[in-house]
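**Q** dropping the sequence and predicted coords here.
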Amino acid sequence: MSEPSVTPSPVDLPAAFADLAPLSDWVLPSERERYDKRVASTMAELQSFYDVLMPRLEAAVAYLAEVPYDDMPDDAVNLLWMCCSLVTVSFAVEAWRQPRVPDSGAASFNAVREPAI
Amino acid sequence: MPHFAKPAEGSWTEHYGLGTEPTSYADSTSPAFYELERRAIFGRTWLNVGRVEQLPRVGSFFTKELDAAGTSIVVVRAAKDEIRAFHNICRHRGNKLVWTDYPGEESKGTCRQFTCKYHGWRYALDGELTFVQQEEEFFDLDKSDYPLADVQCDVWEGFVFVHLDASNTTPLVEYMGETGASLAGYPFGEMTQVHTYRAEIGSNWKLFIDAFTEFYHAPVLHVRQAVSDEALKLQEHGYEALAYKINGPHGQVSSWGGMSPPKDLNMVKPIERILRSGLFGPWDGPDFGELPPGVNPAKHKAWGVESFLFFPNFMILIWKPNWVLTYHYWPTSHNTHVFEGSCYFVPPKNGAERLAQELAVVTFKEYSLQDGNTLEATQTMIESNTPVKSFPLNDQEIMIRHLHRTVDEYVQAFQESGASPASV
């Protein structure tokens, strides 16, 4: 049996964002998965994801602004989910300086209904 | 000197005659008192259980677990213009009628009729019993004697409510009162993009309402969500509402909110600057023109959010960029409850708008996680044997004083009515 790969298989991204393929493991379609990955990551991992994607966010927003929500191609959806992960990670980096919400203990807030794309 | 005008009496609390004495939270620590609340409040008021958009077609249904009222209900669109609610129990042997996989979990879907999993009894969408397996084996069974047990159900502004007291004669619109009337016409139905969160909270249901009807805590508890200069300024100024309104059991807080967009972009975090969104919602929300009079009643230019509490457990927050948050607090015991928070937006036109909505939703979640755990810390101490049993409330905490007083009034009225104190 081969070792499980540590490098996730890259997902399709719009051509202008193909260089973000190494961040493919942050393309997660639900808020719960994005939050779970954040709290399972170290601050170094979160910071490095933030440092790569944050400088591209403005361009990503400009790109996504041209993509109709009710007819999004897969590559644009992947870019959207990656940026949604940045939203989740930004709280750890910009506000808390730790992966978890401070003093949140065992408390959990679970998304039970999210809009479909 | 207050930043915003107060009533002539000098305070909102005195204006509404709510008394200024310290309060006790004995109503939040006692299993016996909770049993009274179940009968006196959750069994005797209109409860919001959802929205009409959750029932798009004839046969669309959802179930709702109402521990506090001692029942489970099924809500269904029985006809194009008719929504019905029933106790979720089969008339044959008492099996729960509608559930999926786990009997204690809520369920939803679309069906032509309800069929009991146990012996196959079938009910039409209007509750009529239409089929009994081996009917001839029963003794003088008349199917028309065994419809599903009806629950009063009505709709206000697209919100579906039920009332568990079959003898209730107060129509929903009357129960919603002046507070409800002042909100009529707000375009809730346009906001079909919904994110819902659920959390099990280790506190009495009223303590979370207390937390979400005062913003006195916000500059302190949530200080790290603001950038540091802004945090200092917020803590120095503290919090003052623009206005409070109390109407019968319901109430509202009108708040400032210069953050959508902020005057100075340096006041907010980097991600908020790029996505043009944050705690107060996406900065570029839809324009609905003039809003109903209940929204920003003081017509203050610094207005940012209107928070309504519809007694007992339903809150609506309307934000300046025209999106809506609702909160529900469903008690499960004297010191636990299920919290539900839903964010409602106009559907995004493109991927960038979806991303701006995501930031508002996640900000709400991060704040709520902080609030939720603080509540458990409060509950354990007010339940403890410490000698501290009396607590002061300031004028910005008027909604707390009003809620606990209203609960007390309902329980007293129930006891005076001579109704049995037995548990539901």
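**A** It's in. Bear in mind the structure is a predicted one, so any value in this text is a computation, not a measurement. Residues are numbered from 1 along each chain as shown, chains lettered A, B, ... in the order given.
**Q** where along chain A do the strands fall?
**A** Assigned by DSSP state E, the strands in chain A fall at A:110-113.
**Q** ok, stretch B:158-173 near chain A or not?
**A** No - counting by Cβ under 8 Å from any Cβ of the partner chain, chain A is not contacted by stretch B:158-173; separation bottoms out at 15.6 Å. C-beta: built from backbone N, CA, C; applies to glycine.
**Q** ok, and for that stretch, which residues are buried?
**A** Within stretch B:158-173, the residues scored as buried using 16 or more other Cβ atoms under 10 Å in any protein chain shown are B:F159, B:V160, B:F161, B:V162, B:H163, B:L164, B:L172.
**Q** any low-confidence regions in chain B?
**A** Scanning chain B with the threshold set as pLDDT under 70 gives B:1-2, B:218-237, B:258-259, B:420-424.
**Q** keep only those of the buried residues of stretch B:158-173 that are in helices.
**A** B:L172 (DSSP state H).
**Q** sort out for me which of the buried residues of stretch B:158-173 are in strands.
**A** B:F159, B:V160, B:F161, B:V162, B:H163.
**Q** ok, the second one touching B:G50?
**A** Yes - here B:V160 lies in contact with B:G50, judged by Cβ atoms under 8 Å, at a distance of 4.9 Å.
**Q** does any part of stretch A:98-106 sit near chain B?
**A** Yes - under the criterion of Cβ under 8 Å from any Cβ, stretch A:98-106 makes contact with chain B via A:V101, A:P102, A:D103, A:S104, A:G105.
**Q** in JSON lines, list those along with neighbour count, pLDDT and distance to B:G180.
**A** Formatted as JSON lines, these follow (neighbours: other Cβ atoms under 10 Å in any protein chain shown; pLDDT from 0 to 100; distance: Cβ to Cβ, whole Å):
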{"residue": "A:V101", "neighbour count": "25", "pLDDT": "90", "distance to B:G180": "34"}
{"residue": "A:P102", "neighbour count": "13", "pLDDT": "86", "distance to B:G180": "38"}
{"residue": "A:D103", "neighbour count": "12", "pLDDT": "82", "distance to B:G180": "36"}
{"residue": "A:S104", "neighbour count": "19", "pLDDT": "80", "distance to B:G180": "35"}
{"residue": "A:G105", "neighbour count": "14", "pLDDT": "76", "distance to B:G180": "37"}
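**Q** show me the shaky parts of chain A.
**A** In the predicted model of chain A, residues A:1-9 satisfy pLDDT under 70.
**Q** center of it - which residue?
**A** A centroid search over chain A (Cα atoms, centre = their mean) returns A:S85, at 2.2 Å, as the residue closest to the centre.
**Q** quick check: the residue nearest to A:V39 when sequence neighbours are not counted vs A:L46, distance?
**A** Nearest residue to A:V39, sequence neighbours excluded (Cβ to Cβ, 6 or more residues apart in numbering or on different chains): A:P99, at 4.9 Å. A:P99 sits 6 Å away from A:L46, going by Cβ to Cβ, to the nearest Å.
**Q** between the two, which is the more surrounded one?
**A** Shown here are A:P99 and A:L46; by other Cβ atoms under 10 Å in any protein chain shown, A:L46 has more neighbours (22 against 19).
**Q** residue contacts, the more buried one?
**A** Contacts here follow Cβ atoms under 8 Å, 6 or more residues apart in numbering or on different chains; on that basis A:L46 touches A:R38, A:V89, A:A92, A:V93, A:P99.
**Q** just among these, which is most surrounded?
**A** Within the contacts of A:L46, A:V89 tops the neighbour count with 25 neighbours, counted by other Cβ under 10 Å.
**Q** tell me the contacts of residue 63?
**A** Picking chain A for this. A:P14, A:A16, A:F17, A:A76, A:L79, B:G351.
**Q** try again with chain B
**A** Per Cβ under 8 Å, 6+ apart, neighbours of B:T63: B:S72, B:I73, B:V74, B:V75, B:N88, B:V98, B:W99, B:E106, B:S107, B:K108.
**Q** so which of those residues are also by chain A?
**A** Okay, of the contacts of B:T63, nothing touches chain A (Cβ under 8 Å from any Cβ).
**Q** which of those lies closest to chain A?
**A** Of all the contacts of B:T63, chain A sits closest to B:E106, with 9.0 Å by Cβ to the nearest Cβ.
**Q** now the residue nearest to the centre of chain A: closest residue in space, sequence neighbours ignored.
**A** A:W26 (4.0 Å).
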